[in-house]
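**Student:** with the input below, show me the fold.
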Amino acid sequence: MISQASRVLTRLGRNNELKKALANSLNNCNKSSPSIIRSFSSKKQALEEKDKFEYTDKLEVQELKHYIPCYTIMNQEGVVSKPEQDPNFSKEEVIKMYTTMLTLNIMDSILYDVQRQGRISFYMTSFGEEAIHIGSAAALEMSDTIFAQYRETGVFMWRGFTINDIINQCCTNEHDLGKGRQMPMHFGSRKINLQTISSPLTTQLPQAVGSSYAQKLAGEKNCTIVYFGEGAASEGDFHAAMNFAAALSTPTIFFCRNNKWAISTPSKEQYKGDGIAGRGPNGYGMKTIRVDGNDIWAVYNVTKLARKIAVEEQRPVLIEAMTYRVGHHSTSDDSSRYRTVEEINAWKEGKNPISRLRNYMNHKGWWSDAQEKETIANARTAVRESLVTAEKQYKPSINEIFTDVYDKPTPNLIEQQKELIEHLKLYPDEYPLNQFADSKLILKD
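**Tutor:** Model (predicted):
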């Protein structure tokens, strides 16, 4: 196993630092750390592992007896039940958190309508889940790696992903970091340590375990967090990822957003037993926490603790955040066909995470109606101006179709690129070539 891994390492053409770290780690493991990479060449007889359960002469069918409690410290009125558990952020930090949540909410409203106008092809809102985004993001370090699903926009915004970055990606123009290759809402950014989102459901979970295992081998004091919905937890990749993480003791935070609906399937039809959290302790021997996803301080405390466990103990943690998807699943969905307005309003009005934090600020005298109006107006202006600018930009260069897969273009890619250019020269009026960057330069004789 060591020799095979070493051969792979010698073929790595990039990232010499990671290559060096992995090589050193493999050498150290071979010498003194059989617990990280198992050696089958030892002549010593392996001791039989002792059973961790007791034997009994009682024939008893086991059933679910205890449900994991849901941790919360701040009620809807913004009152913290145990002051010692209040993270006690400064006024400036709390205002930044609140304005980010409010800006996300405003941007979601505008871009949802923009999609309905046909100006972008697709969009997904985060209504009702804003506290999960900001609370968890604030507890992480920038050096921690993020694997997201598609409803974590606030996490990226907290890390510095701008309104322009978001709208450029949704408009797939030449400033889109993904170069127009992805659906809207499929962000990625090396700057904020965000792995590019992919459409297939749950594929990010085993990838995140691989990322955190690499962090472990390299001796980094960081972790990888992976976000997913309770619907994604019904996929096989969820179980494979959980088992790998537990068996390899990787510094992974599995963050489940249980928003009650997997498109049109309610959670009660997705699983039995104690939700997603119940699978952690008994199913995979994993430390697990269930949290009120609409309580930003509870989410922050839980994520901070999970990160501490992941980094210091080098083991995975499962978080299940209980919340509600107030908006439609996406612009391709009409949730009024499978749930009532009364149900939506009960959460929108009675358990709103934004108003909960606003109430907290009101108690401290940190916010006013005038500030609220100004923030909303500024957010609307920023989003609309960004959209107008983004729509005027060129689409990415046609040549970008053939880049970034290989370090150097392969002969067949070069041939395909040549064929495309020749085709476009023959039929220039059949394509909106004037919308693409460098099209005149590329197609000129």
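**Student:** check contacts around the residue nearest the centre of the chain.
**Tutor:** Centroid-nearest residue in the chain, with Cα atoms, centre = their mean: A148, separated by 2.0 Å. Contact partners of A148, counting by Cβ atoms under 8 Å, 6 or more residues apart in numbering, are 155-156, 187, 194-195, 197, 204, 226-227. In short, each C-beta sits where N, CA and C put it, glycine included.
**Student:** nearest residue to G160 other than its sequence neighbours?
**Tutor:** I192 (5.6 Å; Cβ to Cβ, 6 or more residues apart in numbering).
**Student:** now swap in H329 and tell me
**Tutor:** Per Cβ to Cβ, 6+ apart, closest to H329 is I263, 4.6 Å.
**Student:** got the contact list for the one you found?
**Tutor:** Contacts for I263 were tallied using Cβ under 8 Å, 6+ apart; they are 231, 329, 333.
**Student:** repeat for I414
**Tutor:** I414 is in contact with F402, counting by Cβ under 8 Å, 6+ apart.
**Student:** distance of it from I289?
**Tutor:** 52 Å (Cβ to Cβ, to the nearest Å).
**Student:** what do you get for I354?
**Tutor:** 23 Å.
**Student:** between those two, which has more neighbouring residues?
**Tutor:** I289 (22 against 19; other Cβ atoms under 10 Å).
**Student:** list the contacts for that one?
**Tutor:** 71, 277, 302, 305-306, 317-320.
**Student:** turn those into TSV, including pLDDT.
**Tutor:** Shown next, in TSV, are those (pLDDT from 0 to 100):
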residue	pLDDT
Y71	98
A277	98
V302	98
L305	98
A306	98
V317	98
L318	98
I319	98
E320	98
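**Student:** so which of these comes closest to N258?
**Tutor:** E320 (5.5 Å; Cβ to Cβ).
**Student:** isn't the closest one right up against I253?
**Tutor:** No: counting by Cβ atoms under 8 Å, I253 is not a contact partner of E320; they are 11.9 Å apart.
**Student:** picking up where we left off before, mind listing which of the contacts of A148 are in helices?
**Tutor:** The helices, defined by DSSP state H, take in 155-156, 204 from the contacts of A148.
**Student:** ranking the residues you listed by neighbours, who comes first?
**Tutor:** V155 (27 neighbours).
**Student:** nearest spatial neighbour of that one, chain-adjacent residues omitted?
**Tutor:** In space, and not counting its chain neighbours, V155 is closest to A137: 4.3 Å by Cβ to Cβ, 6+ apart.
**Student:** which ones are touching the closest residue to I376 other than its chain neighbours?
**Tutor:** What sits nearest to I376 in space, not counting adjacent residues and going by Cβ to Cβ, 6+ apart, is I106, at 6.1 Å. Counting by Cβ under 8 Å, 6+ apart, I106 touches 376, 379-380, 383.
**Student:** mind checking the SS state of N88?
**Tutor:** coil (DSSP: H, G, I helix; E, B strand; the rest coil).
**Student:** ranges for the strands of the protein?
**Tutor:** 70-71, 145-147, 224-229, 252-258, 261-262, 265-266, 287-292, 317-322 (DSSP state E).
**Student:** export those as TSV, with columns for distance to I421.
**Tutor:** Listed next are the strands of the chain as TSV, based on distance: least, Cβ to Cβ, whole Å:
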stretch	distance to I421
strand 70-71	59
strand 145-147	36
strand 224-229	40
strand 252-258	45
strand 261-262	44
strand 265-266	46
strand 287-292	54
strand 317-322	49
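**Student:** tell me which of these sits nearest to P428.
**Tutor:** Among the strands of the chain, the nearest to P428 by Cβ to Cβ is strand 145-147 (41.5 Å).
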